[in-house]
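K.L.:
I'll drop the sequence and a predicted model, then ask my questions.
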Amino acid sequence: MSVYNEKVMEHFRHPRNVGVMDDPSGVGEVGNISCGDIMRMYIKVDASERITDIKFQTFGCGAAVATSSIVTEMAIGKTVHEALAMTNKQVAESLGGLPPLKLHCSNLAADALHAAVKDYLARQEALGTEPFASGAV
Amino acid sequence: MSVYNEKVMEHFRHPRNVGVMDDPSGVGEVGNISCGDIMRMYIKVDASERITDIKFQTFGCGAAVATSSIVTEMAIGKTVHEALAMTNKQVAESLGGLPPLKLHCSNLAADALHAAVKDYLARQEALGTEPFASGAV
Amino acid sequence: MKKVYLDHAATTPVHPEVIAAMLPYLHDNFGNPSSVHSFGRDARKAVDEARDKVAKAIGADPREVFFTSGGTESDNIAIQGVALARKQDGRHIVTSKIEHHAVLDTCHYLASQGYEVTYLPVDEKGLVSVDEFQAALRPDTILATIMHANNEMGAIQPIKEMAAIAHARKITFHTDAVQTVGSIPVNVKELGVDMLSLSAHKFYGPKGIGVLYIKKGTRIKPLYHGGSQERKYRPGTENHVGIVGLAKALELATEGLNARQVQIIALRDKLIAGLLALPEVELNGHPTQRLPGNVNISVRYVEGESLILSLDMQGIAVSSGSACTSGSLEPSHVLLAMGLTHEQAHGSLRLTLGIDNTAEDVDYVLSVMPGIVERLRQMSPLYHKR
Amino acid sequence: MKKVYLDHAATTPVHPEVIAAMLPYLHDNFGNPSSVHSFGRDARKAVDEARDKVAKAIGADPREVFFTSGGTESDNIAIQGVALARKQDGRHIVTSKIEHHAVLDTCHYLASQGYEVTYLPVDEKGLVSVDEFQAALRPDTILATIMHANNEMGAIQPIKEMAAIAHARKITFHTDAVQTVGSIPVNVKELGVDMLSLSAHKFYGPKGIGVLYIKKGTRIKPLYHGGSQERKYRPGTENHVGIVGLAKALELATEGLNARQVQIIALRDKLIAGLLALPEVELNGHPTQRLPGNVNISVRYVEGESLILSLDMQGIAVSSGSACTSGSLEPSHVLLAMGLTHEQAHGSLRLTLGIDNTAEDVDYVLSVMPGIVERLRQMSPLYHKR
Ligand SMILES: Cc1ncc(COP(=O)(O)O)c(C=O)c1O
Ligand SMILES: Cc1ncc(COP(=O)(O)O)c(C=O)c1O
């Protein structure tokens, strides 16, 4: 229904960081099959809480694939807290904009990233190594 | 609004018997300016009640002119009683048909002829020479 | 036979540059603008670019430009659409007696559906009075629709003044600009209207394509239902060939407008002067506040269709407000509203000039006209009665 | 890059002979068919001849053929027009769940205006049941509208049987034949319908022009008001270029129909066989009672728009019933009505063949398809979950 710009198409054609990850620090999945978009994001986080590796899998339209792809590029090297501050709006902007319809329905990549980060944080807490609860270094 | 056939256009281009008549045996006028069609018909009738000459004047559209023209051709040589039996429908048919709209609004030529004949008959009566009221020859 | 077309208010030939602009979209770039693939995207691009061009030409935002299938549809959507959307606000509509049937008959229809319609009169020059317009407005008036210029006798109406008055009272104002777009400058912002209808075939574009300008914020409901084309105000696969043609034609019309107006007005005034030199011929409509190309005369004692047919026999194409050409018994409602008698109205002739006409064309018309008029007068019972 | 167009159900290129037939009417023979003069008469003649051709092609009387601006308008006039005209007889309308939005949304609109609408289900092959149709009819049913063949999955409905049942009960029967005219034989008398919609751009004619067949005696009211064109059922200057194009396209489509059907069905079945050879790919719709050119599949684990874009990158133009291409969150209402899961519906792909397609085109699609599907599946979280 809508025309994607060249940057979106470039990410659709050559999505960065597609795939699954063995032994991730966190995994997040958002979306729902009845809306037609499901994104799964895997992150690897180092001791300084930086995202060192990221992989995604997406069932969805061109916008869903492209936003997933660019969000992985944007997140690598960021801390998990920086990643939590990223918004779907920023993702769309970094792609040079999305068709209006896609802004609503397929722009979930930041949410998927957040979900992965939250999973990581939850695991950390479970391990008793939640960083701000310092003490046992 | 409507397409005339070639015969109608031929009569429009070269109407027969246009004009006024000095000293007619009868004159008839039908139509009305608000409808946009007025026809006046002049006839000359001989002793045997035959129409020997006829002239018409018409304010109106192509169909009005063409029906006036052809009715004059059809009436010449007929008796006034034969003329009274002519119908607007016959006139339209002898032109090879008229567009439907014109059948209703501009097809008055037989009526004009009838009016002229009736005028003739009325004058005859006034003169006491109404033929069927014989006696005074 | 020499052919002189003087019926540009009825329709115009498609400009060769417009044809050239349209052709690529018929066979090669034929996609459905709603399709995702490259064929669809190329078609969508053509529609988007056309919308931008139209918006620019009339001073609108592209999102205020809705493509329709022509002037009649634009008028119907505007009038019925606002009547539907605003019926809680009131049921009164103001229009004029000289509107095109696409407006007038739509108002008649609404009148049969419980709306009340005021039909404003015009003066003997064909103008609606701004004062009478103002006086006709009521608290329950929801819509006013007054044409920009009349198709029969070309009088240009004081739209700007009326639209301002309507606005102050929150009345939606629509103008049928089918006859003005491409002929005189038309800018929706300057006119201050909420809605404006235009039709491509009146300015050297194709038939079957038009625009309804709808100002942002106007309350209106669509009449047709279906796909999401034209933001659902006019669903159906876009006629992208027509849309491209309309935009190109409007662009061409806008570019050279001033020069063309001067040229056509000169021809018009020459034609008017020549025709009025004939005995008992009168001009209908305003002498100066009229469309550049419009000439409308009444020729006494003769009927309009006979004049048309006679001129047609000489290769000259014109029209008339005679009942005979309207398919009804009543002659032009426009001329009668101006106070013409039935005879004058029946004897009216409209000659509308276009960009392809020359001074020779005018000379030719003026050379054959006296003979035709004389011949028909000789045939007329009215002429002899006088 | 090689380009293969497989989206003929969306729209078709205008046939070169159709373009050739239209061209003379753009510039030289450009008159308004309502004008009295020679330009008008020539245009009128073109419209009359076109009407005769259309009538002949669909088995109607020329006076039963009304030109419209396309399929959406034909559907709207048919449905709203009969609903208006017959509201004293009742307020119940029967349709199906798989109609095009031009029918479905019009029915939704009428439902909001006090009409009651029954939306018939379809079976898993996409067919409406004649028995269920019959059972849905009520004493206050005034109109039934069931499409001749579905635009997404091509199932051809038992129109003849349903129309006969409707007739026996004095219910007006309309069919949207936008997808069938030009693809399979369509004869209004044989179908026994009261109204039928068709649209030129689906059979190699221009966009923006269609027909509504209205059987003599059908009670229907026009929706637009204005001039007396199309006997007032569709006022507005006739798009005579489009009309000529539609008639020519229909003539061409009718002439070679049988041979073309055989040829296209062969390609279709080759394409279906090739696609079904891929793992976890299913055919949607009836295997044989379907449009000659229609292929509709669901590809598990992948989403339709991604498939379209991937094929587009290889020069192949197709469409899908994915929500992403419909502009809503819901995928195809047609596929859901057939009982597909959301995943199957989201992963649907429509490939529709036309007269210009070859066996090489099919081979090409089948050669790139496995790689595309595999790549998207590798990207899909659903594939890995399985
Ligand atoms: C003033 C006016 N309004 C509306 C129309 C109708 O436009 P269309 O013929 O494009 O439907 C016309 C011309 O026919 C017109 O002159
Ligand atoms: C079955 C069906 N009905 C109606 C339409 C609408 O036709 P149009 O796009 O010509 O308005 C279409 C195609 O878009 C269709 O496939």
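P.N.:
Looks like it arrived, so ask away. Ligands and ions are numbered 1, 2, ... in the order given.
K.L.:
ok, which stretches of the chain are strands?
P.N.:
Picking chain A for this. A:26-32, A:37-45, A:51-59 (DSSP state E).
K.L.:
actually chain C
P.N.:
Under DSSP E, chain C gives strands at C:4-5, C:65-68, C:92-96, C:116-120, C:141-145, C:172-176, C:195-199, C:210-214, C:281-283, C:294-299, C:316-317, C:348-352.
K.L.:
give me the neighbour count for residue C:1.
P.N.:
When neighbours are defined as other C-beta atoms under 10 Å in any protein chain shown, residue C:1 has 8 of them. To be clear about C-beta, it is placed using only N, CA and C from the backbone, and glycine gets the same treatment.
K.L.:
ok, now which ones touch it?
P.N.:
The contact partners of residue C:1, taken as C-beta atoms under 8 Å, 6 or more residues apart in numbering or on different chains, are C:314-315.
K.L.:
make it 6 Å
P.N.:
Contacts for residue C:1 (C-beta atoms under 6 Å, 6 or more residues apart in numbering or on different chains) come out as residue C:315.
K.L.:
is chain C within reach of the helix or strand bottoming out on mean pLDDT in chain A?
P.N.:
Here the helix or strand of chain A ranked lowest by mean pLDDT, DSSP states H and E is helix A:100-105, holding a mean of 78. No. Judged by C-beta under 6 Å from any C-beta of the partner chain, helix A:100-105 stays clear of chain C, getting no closer than 9.5 Å.
K.L.:
buried set for that helix?
P.N.:
A:101-102, A:105 (16 or more other C-beta atoms under 10 Å in any protein chain shown).
K.L.:
and of those residues, the nearest to residue B:20?
P.N.:
Nearest to residue B:20, judged by C-beta to C-beta, of the buried residues of helix A:100-105 is residue A:101 at 77.6 Å.
K.L.:
looking at the strands of chain C, which is nearest to residue C:269?
P.N.:
Nearest to residue C:269, of all these, is strand C:294-299, at 9.1 Å by C-beta to C-beta.
K.L.:
which residues touch that closest one?
P.N.:
C:153-154, C:268, C:271-272, C:275, C:281-285, C:344, C:347-352, C:373.
K.L.:
strand partners of it, parallel vs antiparallel please.
P.N.:
strand C:281-283 (antiparallel), strand C:348-352 (antiparallel) (DSSP bridges).
K.L.:
between these, which one is nearest to residue A:19?
P.N.:
Nearest of these (C-beta to C-beta): strand C:348-352, 70.1 Å.
K.L.:
can you give me the buried ones in the top helix by length along chain A?
P.N.:
Counting by DSSP state H, the longest helix found in chain A is helix A:109-127. Neighbour-count burial for helix A:109-127 flags A:109-117, A:119-121, A:123-124 (criterion: 16+ other C-beta under 10 Å).
K.L.:
ok, back up a step: most packed of the strands paired with strand C:294-299?
P.N.:
Across the strands paired with strand C:294-299, averaging neighbours per residue (mean count of other C-beta atoms under 10 Å in any protein chain shown) puts strand C:348-352 on top, at a mean of 28.
K.L.:
tabulate the CA atom coordinates of that strand in PDB.
P.N.:
Extracted in PDB, the C-alpha atoms of strand C:348-352 (Å, rounded to 0.1, in the frame of the first residue of the first chain):
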ATOM      1  CA  SER C 348     -30.000  32.500 -27.700                       C
ATOM      2  CA  LEU C 349     -26.700  31.500 -29.100                       C
ATOM      3  CA  ARG C 350     -23.500  30.700 -27.100                       C
ATOM      4  CA  LEU C 351     -20.200  31.000 -28.800                       C
ATOM      5  CA  THR C 352     -17.200  30.200 -26.600                       C
END
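K.L.:
and that strand, does that touch ligand 1?
P.N.:
No. Strand C:348-352 is not in contact with ligand 1 by C-beta under 6 Å from any ligand atom; minimum separation 10.3 Å.
K.L.:
ok, and the closest non-adjacent residue to residue C:61?
P.N.:
residue C:55 (5.9 Å; C-beta to C-beta, 6 or more residues apart in numbering or on different chains).
K.L.:
ok, now which ones touch the one you found?
P.N.:
Each residue near residue C:55 by C-beta under 6 Å, 6+ apart is listed here: C:61-62, C:65.
K.L.:
looking at those residues, spot the one nearest chain A.
P.N.:
Nearest to chain A among the contacts of residue C:55: residue C:62, at 13.8 Å, using C-beta to the nearest C-beta.
K.L.:
residues near residue A:31, how many?
P.N.:
Residue A:31 has 21 nearby residues by other C-beta under 10 Å.
K.L.:
give me the beta-bridge partners of it?
P.N.:
residue A:38.
K.L.:
quick check: it touching residue A:38?
P.N.:
Yes. With contacts counted by C-beta atoms under 6 Å, residue A:31 reaches residue A:38, the gap being 4.1 Å.
K.L.:
how close does the residue nearest in space to the middle of chain A sit to residue C:29?
P.N.:
By C-alpha atoms, centre = their mean, the mean C-alpha position of chain A lies nearest to residue A:113, the distance being 3.0 Å. Relative to residue C:29, residue A:113 is positioned 40 Å away (C-beta to C-beta, to the nearest Å).
K.L.:
same check, this time on residue C:181
P.N.:
For residue C:181, the distance to residue C:29 equals 26 Å [C-beta to C-beta].
K.L.:
any regions of the chain where pLDDT drops low?
P.N.:
Chain wasn't specified; assuming chain A. Along chain A, the parts satisfying pLDDT under 70 run over A:1-2, A:129-137.
K.L.:
oops, wrong one, chain C.
P.N.:
Using pLDDT under 70, chain C drops low at C:323, C:326-329, C:385-386.
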